[in-house]
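Participant: A structural model of the following input is requested.
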Amino acid sequence: MRWAMAELAPKIIAANGGSPFYSGNLRHLLLEAGFAQTEGFAIAAEHYGTLEETRRYAAVVARMMANPDMVRLVLAQEWATADEIAARRADVLAWGERPDAFAAVMYCAALGWVEE
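Facilitator: Numbering: from 1, shown residues only. Here you go, the predicted model:
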C-alpha cells in the first residue's frame, strides 16, 4: 500500500508552523534547559490490528485527506494533484479492508531530571 499520508504529513505539519521531526531533539533541548539527566522513549499508544480497527483508522485518514484546508494547501504547494489525493484516499480505504492490515502510531517523549 502507498501510505496515504507518509509523504504529505511532514510537509503539512511544517507548513502549519510545526516541526514533524522535533522528537529527535527532545533530549538535547532538555539538557540545554539545564536538566542533569535525560531519557528518550517511544510508546505505541495507538494500534490498529483488527478489521474493525483498520477500517476505522482508514476512514479517519481518508477524512483528513478530504479536509478542505488540507486539500487547498496540498494543491497550492503542488505536493499532489486532486487525482493523486483521490487515489491515495482510495488506497487507504482499500488497505483498511485487507485482512492483514495493521498500523501503529508511535509517540516520542523525553524525561529530564534535575540534580538534587
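Participant: Run through the helices of the protein in chain order.
Facilitator: Listed in chain order, the helices of the chain (DSSP state H) span 8-15, 26-32, 51-66, 68-76, 82-96.
Participant: Residue 77 is in contact with residue 15, correct?
Facilitator: Yes. Contact criterion CB atoms under 8 Å: residue 15 and residue 77 qualify, at 6.9 Å. Every C-beta, even on glycine, is put in place using the N, C-alpha and C of the backbone.
Participant: returning to that earlier point: tell me which of the helices of the chain sits nearest to residue 116.
Facilitator: Taking CB to CB as the criterion, helix 26-32 is the member of the helices of the chain that comes nearest to residue 116, at 16.7 Å.
Participant: Now that closest one: buried residues?
Facilitator: Using 16 or more other CB atoms under 10 Å as the burial criterion, the residues of helix 26-32 that qualify are 26-27, 30.
Participant: Tell me the one of these nearest residue 6?
Facilitator: For the buried residues of helix 26-32, the nearest to residue 6 is residue 26 (22.0 Å; CB to CB).
Participant: State the distance from the closest residue to that closest one other than its chain neighbours to residue 36.
Facilitator: Computed as CB to CB, 6 or more residues apart in numbering, the closest residue to residue 26 that is not its neighbour in sequence is residue 110, at 3.6 Å. According to CB to CB, to the nearest Å, residue 110 and residue 36 sit 13 Å apart.
Participant: And the two? Which one has more around it.
Facilitator: A direct count of neighbours by other CB atoms under 10 Å for residue 110 and residue 36 places residue 110 higher, at 17 against 11.
Participant: Do you know the pLDDT at the more buried one?
Facilitator: What the model reports as pLDDT for residue 110 is 94.
Participant: measure it to residue 116 for me?
Facilitator: For residue 110 relative to residue 116 (CB to CB), the value is 20 Å.
Participant: Kindly report the same for residue 103.
Facilitator: Counting by CB to CB, the gap from residue 103 to residue 116 is 42 Å.
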